[in-house]
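J.: attaching a predicted model along with its sequence, questions to come.
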Amino acid sequence: MSVWVFGYGSLIWRPSFPFVEKRRAWIHGFARRLWQGSDDHRGVPGALGRVVTLVPVPEARCVGVAFLIADHEAEAVLAHLDHREKNGYQRHAVDLHDEGGVFARGTVFVADERNANFLGEASLDAIVDQVRRSRGPSGDNAEYVVELARALRALEAADDHIESIADALSSPYAILDA
């Protein structure tokens, strides 16, 4: 059976797995937030970066990308994603929506407040400062935020939370403060 995977963060612009189809999609009841600590991709142990996760918000709609994985590759792709998202993320089943309504059930990876690296809400200044200082094996944390903002705009799905952080990172004052 083919599997759909919903990407709302770096999977949008860096999927790293084979897929048959890629389409703009959304899920209901969740908002994207830069509240998860990363000690394996955009930070290191003792100096966490910040990456996105989903938080429950009843009226929210989170736009991202749905990837259709061929049935013969589904097991390997999910194993790859389990490893990639090992830092506190768990698989969840969700309804995937497009302009026509629900088109499939899919898998999404969510890191909630019960995992050890969940950082939670912080002020814009605190998030920007942490992102600006963080770097891990996958690169600069600021690159992650800027690339995600760019990818969301390309999907016509700009996210106020991500945009405000990306804008602050790009401001001349952010550079002067670094």
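T.: Structure's in. What do you need?

J.: which stretches of the protein form helices?
T.: 10-13, 74-84, 124-133, 141-154, 160-170, 172-177 (DSSP state H).

J.: which other residues reach the shortest one?
T.: Residues outside helix 10-13 that contact it (Cβ atoms under 8 Å, 6 or more residues apart in numbering): 5, 41, 51, 64-65, 67, 144, 147-148, 150-152, 155. C-beta here means a position set from N, CA and C on the backbone, and glycine is covered the same way.

J.: show me what contacts Ala166?
T.: Ala166 sits next to Val145, Val146, Leu148, Ala149 when contact means Cβ under 8 Å, 6+ apart.

J.: am I right that the first one is in contact with Leu34?
T.: Yes. With contacts defined as Cβ atoms under 8 Å, Val145 counts as touching Leu34 at a distance of 7.0 Å.

J.: residues shared between the contacts of those two?
T.: By Cβ under 8 Å, 6+ apart, the residues touching both Val145 and Leu34 are Val131, Ile162, Ile165.

J.: show me what contacts the second one?
T.: Spelled out, that is Ile162. Arg32, Leu34, Val52, Val145, Leu148, Ala149, Leu152.

J.: Leu68 too?
T.: Shown in contact with Leu68 (Cβ under 8 Å, 6+ apart): Ser2, Val3, Trp4, Phe19, Val20, Glu21, Lys22.

J.: now with 6 Å, please.
T.: Ser2, Trp4, Val20, Glu21 (Cβ atoms under 6 Å, 6 or more residues apart in numbering).

J.: how near is the residue lying closest to it once chain neighbours are set aside to Trp13?
T.: Spatially, and ignoring its direct neighbours in sequence, Leu68 is nearest to Glu21 (4.0 Å; Cβ to Cβ, 6 or more residues apart in numbering). The gap separating Glu21 from Trp13 is 17 Å, by Cβ to Cβ, to the nearest Å.

J.: good, wrapping up.
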